[in-house]
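A.B. asks: need coordinates for the following:
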Amino acid sequence: MQISRVFAFVLKELREALPPVVFFAAGFSLIELTTQLFLDTYVERTVNYMVAVVAALVVGKAVLVANALPFFRRFDSAPLIQPILFKTFIYWVVVFLFRAAEHLIEYWASGGRLGGMREYREIHYPWSQFAAVQIWLFTLFLVYTTAAELTAVFGASEVRRLFFGRGAGRAGAAHAADGQCTS
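C.D. replies: A predicted model of the protein is given here:
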């Protein structure tokens, strides 16, 4: 009986983590691709999409951690922009802390000492690179959170119909607007 409860818990966690992991794996792969395209004329580098997938797994776990925070749903009854911005910011901060801790652990594991942290960071991971990734993370979280909140409000089937259904594009919206104006 205990094994089935553990299995159910793990399955539930995987189902919750799958959408952000897939979304961020695609997003990070696009970031990696565009970075490579920009650097192609300057540096010979191999494309490292596995790092993007691993980073997406870390972000997926950070999303689960943020979702479990007691104050995370604070603005759920407010106008939609408030929970979107609030949750985006919380996700961004949680991932920032995960990333900072990751680099700190890496530094200590390599035999780092308190006084050499700044030099190590500048050599191995410059602040500009860290900041660029954080900007991309914020942007991706904004898109992800907006999609998640729209799905929560309208339901997955309605969002699917809006994006992939027949006549759900601008013509469908124009007809809906016309109907609202005449009633």
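
A.B. asks: please count neighbours and contacts with C-alpha atoms only from this point.
C.D. replies: Noted.

A.B. asks: ok, then the element right after the one helix or strand Leu57 maps to?
C.D. replies: Assigned by DSSP states H and E, Leu57 belongs to helix 49-68. Using DSSP H and E, the helix or strand that follows helix 49-68 in sequence is helix 81-109.

A.B. asks: from Ile3, how far out is the residue nearest to the spatial centre of the chain?
C.D. replies: Closest residue to the average C-alpha location of the chain: Phe141 at 4.4 Å, with CA atoms, centre = their mean. Remark: distance between Phe141 and Ile3 (CA to CA, to the nearest Å) = 35 Å.

A.B. asks: do the same with Glu149
C.D. replies: Counting by CA to CA - Glu149 and Ile3 are separated by 34 Å.

A.B. asks: more neighbours, these two?
C.D. replies: Taking neighbours as other CA atoms under 10 Å, Glu149 and Ile3 compare with Glu149 leading, 17 against 8.

A.B. asks: was I right about the more buried one contacting Leu85?
C.D. replies: No: the pair Glu149 / Leu85 is not scored as a contact, 10.6 Å apart, by CA atoms under 8 Å.

A.B. asks: related to what we said a few turns ago, so the helix or strand containing the residue nearest to the centre of the chain versus helix 49-68, what angle?
C.D. replies: Assigned by DSSP H and E, Phe141 falls within helix 127-154. Relative orientation of helix 127-154 versus helix 49-68 (axes from the mean of the first three to the mean of the last three CA atoms, to 10 degrees): 50 degrees.

A.B. asks: buried ones in helix 127-154?
C.D. replies: Gln134, Leu137, Phe138, Leu140, Phe141, Leu142, Tyr144, Thr145, Thr146, Ala148, Glu149, Leu150 (16 or more other CA atoms under 10 Å).

A.B. asks: got it, and stretch 58-71?
C.D. replies: Neighbour-count burial for stretch 58-71 [16+ other CA under 10 Å]: Val58, Val59, Gly60, Lys61, Ala62, Val63, Leu64, Ala66, Asn67.

A.B. asks: tell me the pLDDT of Val65.
C.D. replies: On pLDDT, Val65 comes in at 85.
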